[in-house]
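Q: coordinates only, sequence not included:
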């Protein structure tokens, strides 16, 4: 009939499983589990509150908010011995004899590990105001000293032996405390600092490590060694002048180079008394900051002669006299010859010598006198005594030549100090319209100009010198004339 529905047909689409329905079932199951857990927690809370004593429950009679400064705070323990752990005593807060719930306060601990006074701070929450600070004591113990006392630390030095160098020795320090902490001493003393003592001179030096942090205390001193500097070579003043008294040389240079002081850094001994002219052996023994032993030889020479007087005997000869040198066997006199240097002039045992000037050019005698002593097959000589001796001034030799308009030259064949006069009068008298001009100095040539043309001039010269501030002049030369063009 018309009212009968058609047969049911299953399409391919409806045959696919409905996953949305399965997800919904899983969500409902998870919600049921959470609800069961919440109910179980609520039942456990109710049972725990029921089991608490009546005084542990919050008293609704407490004022709101509760002032913690008016409560009584007690600690489970007021004293501990250091054991390397943080100490946290239990805190009980009461108000008018009634226990205050932890909802009304919080607890904070400070300085509660190391020996000293630790603090428990009871601070407010949203249900209270104010705060209280309660202290308890942590006592020192053997463990504390083992871990934080510098006297029980381990110290290692980067170097335990040095050689003297004149500068402070400062080995790097490594410190390990009993608790394993490494203390720095090279970073400006952040936790500890090191102080050095006797760390320059040879011997035993020390370094003391001390605490620079309140956690640590005490100090520890360790030593290290500074050995003397070995001296391998040295130089002494091996030439000395005889004075008739005992003379000991001194060290003037060493390798390595140091400035040493006799008696402090070294001692010198000799095989025999170094008093007279001769050769001696010295033994230098270094001490203090230096070590080693070196043998050296040195000489004592005759004293240097000293000139007493130089006298002019003639225009070519002089006599030189000097002081006697103690211990001298004789004297060697040298004279300077132009172009050849100093040549031996005479060997004498006297303390005077007459010398002649070497040539006509040199108007003085340049000499050297050396004292000598013969001893043990050797000859010892002194330092030379040098000087100049002037004979009586002689007449100079010169020539006059024209040298251009209104000029002429005076050329000397003699060598020394000259005075030149030029005049328009052959007698070198100043008359009306006449003149006399003069020049002085150590010269070999004198150029003159500014004269009138066709003028006839007259020239003469003489030699002079000063001996010990006294002016000594010689005779005038023959007059020479020249007509200027």
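A: Here it is on my side, so go on. Computed from a predicted model, the values in this text were never measured in an experiment.
Q: can we go C-alpha only for contacts and neighbour counts from here?
A: OK.
Q: ok, which stretches of this structure are helices?
A: 19-51, 142-148 (DSSP state H).
Q: measure residue 130 to residue 257 for me?
A: To residue 257, residue 130 is 76 Å away according to Cα to Cα, to the nearest Å.
Q: ugh, wrong one, residue 289
A: Noted for residue 289: a distance of 13 Å to residue 257, by Cα to Cα.
Q: Settle it for me: which of the two has more neighbours?
A: Each of residue 289 and residue 257 has its neighbours counted (other Cα atoms under 10 Å); residue 289 has more, 22 against 11.
Q: nearest residue to that one other than its sequence neighbours?
A: Leaving aside its chain neighbours, residue 289 sits nearest to residue 228 (4.6 Å; criterion: Cα to Cα, 6 or more residues apart in numbering).
Q: likewise residue 481?
A: Nearest-residue entry for residue 481: residue 458, 4.3 Å, with adjacent residues in sequence omitted and distances by Cα to Cα, 6+ apart.
Q: Can you check what pLDDT the model gives that neighbour?
A: The score at residue 458 is 94. That number is its pLDDT.
Q: Who does it form a beta bridge with?
A: Counting by DSSP bridges, residue 458 is bridged to residue 423, residue 481.
Q: How about residue 318?
A: residue 312, residue 355.
Q: residue contacts, it?
A: Residue 318 sits next to 310, 311, 312, 354, 355, 356, 357, 365, 389, 390, 391 when contact means Cα atoms under 8 Å, 6 or more residues apart in numbering.
Q: could you flag which of these are buried?
A: Neighbour counting by 16 or more other Cα atoms under 10 Å classes 310, 311, 312, 355, 356, 357, 365, 389, 390, 391 among those as buried.
Q: CSV please, covering those residues and showing distance to residue 281 and pLDDT.
A: Formatted as CSV, these follow (distance: Cα to Cα, whole Å; pLDDT from 0 to 100):
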residue, distance to residue 281, pLDDT
310, 40, 89
311, 44, 90
312, 46, 89
355, 41, 95
356, 44, 92
357, 44, 87
365, 41, 90
389, 41, 89
390, 45, 85
391, 47, 88
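Q: from these, which single one is nearest residue 244?
A: residue 310 (27.9 Å; Cα to Cα).
Q: my guess is that closest one meets residue 320, correct?
A: Yes. At 4.4 Å, residue 310 counts as touching residue 320 under the criterion of Cα atoms under 8 Å.
Q: Mutual contacts of the two, please.
A: residue 389.
Q: Which residue lies closest in space to residue 169, excluding its sequence neighbours?
A: residue 199 (5.4 Å).
Q: wait, residue 444
A: Using Cα to Cα, 6+ apart and skipping residues adjacent in sequence, the residue nearest residue 444 is residue 412, 5.2 Å away.
Q: Beta-bridge partners for that neighbour, please?
A: residue 398.
Q: hang on, it packs against residue 460?
A: No. Counting by Cα under 8 Å, residue 412 does not reach residue 460; the two are 11.4 Å apart.
Q: what touches both of those two?
A: By Cα under 8 Å, 6+ apart, no residue touches both residue 412 and residue 460.
Q: These two - which one has more neighbours?
A: Neighbours were counted for residue 412 and for residue 460 using other Cα under 10 Å; residue 460 has more, 23 against 19.
Q: Please work out how many residues are found near the nearest residue to the more buried one once chain neighbours are set aside.
A: Spatial nearest neighbour of residue 460, excluding adjacent residues (Cα to Cα, 6+ apart): residue 479 at 4.8 Å. Neighbour count of residue 479, defined by other Cα under 10 Å: 14.
Q: Going forward, the N-terminal residue is numbered 188.
A: Understood, numbering begins at 188; the last thing we discussed is residue 666.
Q: wouldn't residue 666 be in contact with residue 645 here?
A: Yes. Assessed by Cα under 8 Å, residue 666 is found in contact with residue 645 at 6.5 Å.
Q: can you list residues touching both of the two?
A: residue 613.
Q: Is residue 321 bridged to anything, and to what?
A: Using DSSP bridges, the bridge partners assigned to residue 321 are residue 307.
Q: That one contacts residue 307, correct?
A: Yes. With contact defined as Cα under 8 Å, residue 321 and residue 307 form a contacting pair (5.1 Å).
Q: if you count what's nearby, which of these two comes out ahead?
A: Taking neighbours as other Cα under 10 Å, residue 321 and residue 307 compare with residue 307 leading, 22 against 15.
Q: The more buried one reaches residue 279, doesn't it?
A: No. Distance between residue 307 and residue 279: 11.6 Å, which falls outside the contact criterion (Cα under 8 Å).
Q: Need the overlap of contacts for those two.
A: Contact with both residue 307 and residue 279 is made by no residue, according to Cα under 8 Å, 6+ apart.
Q: ok, now which ones touch residue 290?
A: 312, 314 are the contacts of residue 290 under Cα under 8 Å, 6+ apart.
Q: What is the burial count for residue 559?
A: 24.
Q: That one: what's it in contact with?
A: Residue 559 sits next to 489, 515, 516, 517, 518, 519, 566, 567, 568, 569 when contact means Cα under 8 Å, 6+ apart.
Q: Just the buried ones among the residues you listed, please.
A: Buried among the contacts of residue 559 (16+ other Cα under 10 Å): 489, 515, 516, 517, 518, 519, 567, 568, 569.
Q: wait, residue 432 sits on residue 462?
A: Yes. Between residue 432 and residue 462 there is a contact at 5.3 Å, judged by Cα under 8 Å.
Q: who's more crowded, those two?
A: The neighbour comparison of residue 432 against residue 462 (other Cα under 10 Å) goes to residue 462, with 16 against 10.
Q: Leaving out chain neighbours, which residue sits closest to the more buried one?
A: Per Cα to Cα, 6+ apart, closest to residue 462 is residue 433, 4.5 Å.
Q: ok, that neighbour to residue 557 distance?
A: 23 Å.
Q: Those two: who's more crowded?
A: Legend: neighbour count by other Cα under 10 Å for residue 433 and residue 557, higher for residue 557 (22 against 10).
Q: Quick check: beta-bridge partners of that one?
A: Residues in beta-bridge contact with residue 557 (DSSP bridges): residue 519.
Q: Next, the buried residues of stretch 648-665.
A: The neighbour-count criterion (16+ other Cα under 10 Å) identifies 648, 649, 650, 651, 652, 660, 661, 663, 664 as the buried residues of stretch 648-665.
Q: what's the first-to-last distance across it?
A: End residues of stretch 648-665 are separated by 8 Å (Cα to Cα).
Q: Please work out which residues outside stretch 392-408 touch it.
A: Contacts of stretch 392-408 (Cα under 8 Å, 6+ apart): 301, 335-340, 376-386, 409-413.
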